[in-house]
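I need the structure of the sequence given here:
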Amino acid sequence: MCADNPVTRCAWAGPEQIYIDYHDTEWGVPEYDSRALWEKLILDGFQAGLSWITILKKRDNFRAAFDGFDPARIACWGPEDVERLLQNPGIIRHRGKIEAAITNAQSWERIEAREGFDTFLWRYVDGAPLQNTWATQADVPPQTSLSARISQDLKAEGFRFCGPTIVYAFMEAVGIVNDHIVTCHRHRTVRAMGQRT
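Numbers count the residues shown, from 1 in each chain. Purely as a prediction, here's the structure:
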């Protein structure tokens, strides 16, 4: 009797099931919804200095605490909301990151009204994901010249907690770049998702 072939994944995916599921169903899938893109960018900002698994485990708590990541509502928040969130043990209680989420919501509203946040982000790659062919996890860079440029432009729009490394992690997560290694079972699937007709 033949043994089942194990599924090959990117080295970071595991060992916890929540991490495997995220890798297998969500990470790298092209996201074109403005609000969903904003949510991912805010969560990546909260990740700064922490591991993504920490944020992933608290994501539902974040969604509840941040009104479903509705930027129009969060843009109107004030100091009392910051204090309320600082008392919430279900999220990352970091004053700077919470305050940044509010100003980032205000920045999102301006971009969304002007051109659409999705359009703003996807224009950097002409609307189609960049397709990398990394052989190993060690080949994947922590940031690129493009993530540095997007970071700079986001900061010029008023965004905070969006440095080049955070932006690159965000680009990977939302499929602006396909960084599944070539031996990963998701590489081809995600690549096919990026083929715009």
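
gap between residue 34 and residue 27?
According to C-beta to C-beta, to the nearest Å, residue 34 and residue 27 sit 20 Å apart. For glycine as for every other residue, the C-beta is placed from the backbone atoms N, C-alpha and C.

er, residue 142 actually
Residue 142 sits 16 Å away from residue 27, going by C-beta to C-beta.

can you check residue 119 too?
Applying C-beta to C-beta to residue 119 and residue 27 gives a distance of 23 Å.

go on, residue 69?
For residue 69, the distance to residue 27 - C-beta to C-beta - is 18 Å.

same check on residue 105?
Taking C-beta to C-beta as the measure, residue 105 and residue 27 are separated by 24 Å.

same question for residue 176.
Relative to residue 27, residue 176 is positioned 12 Å away (C-beta to C-beta).

dump the residue contacts of residue 24.
9, 13, 185-186 (C-beta atoms under 8 Å, 6 or more residues apart in numbering).

can you tell me which of the residues you listed are buried?
Buried members of the contacts of residue 24, counted by 16 or more other C-beta atoms under 10 Å: 9, 13, 186.

for residue 136, state which of those residues is nearest.
Of all the buried ones among the contacts of residue 24, the one sitting nearest residue 136 is residue 9; the distance, using C-beta to C-beta, is 12.8 Å.

which residue, other than its chain neighbours, is closest to the closest one?
Of all residues not flanking residue 9 in the chain, residue 184 sits nearest, at 5.5 Å (C-beta to C-beta, 6 or more residues apart in numbering).

what ranges does the protein have for its strands?
For the chain, strands defined by DSSP state E occupy the ranges 130-131, 177-178.

deepest in the core, which of those strands is it.
strand 177-178 (a mean of 23; mean count of other C-beta atoms under 10 Å).

contacts for that strand?
Strand 177-178 has contacts (C-beta under 8 Å, 6+ apart) with 28, 125, 129-132, 168, 171, 187, 190-191, 194.

buried subset of those as a PyMOL selection?
A single PyMOL command selects the buried members of these (16+ other C-beta under 10 Å):
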select buried, resi 28+125+129+130+132+168+171+187+190+191+194
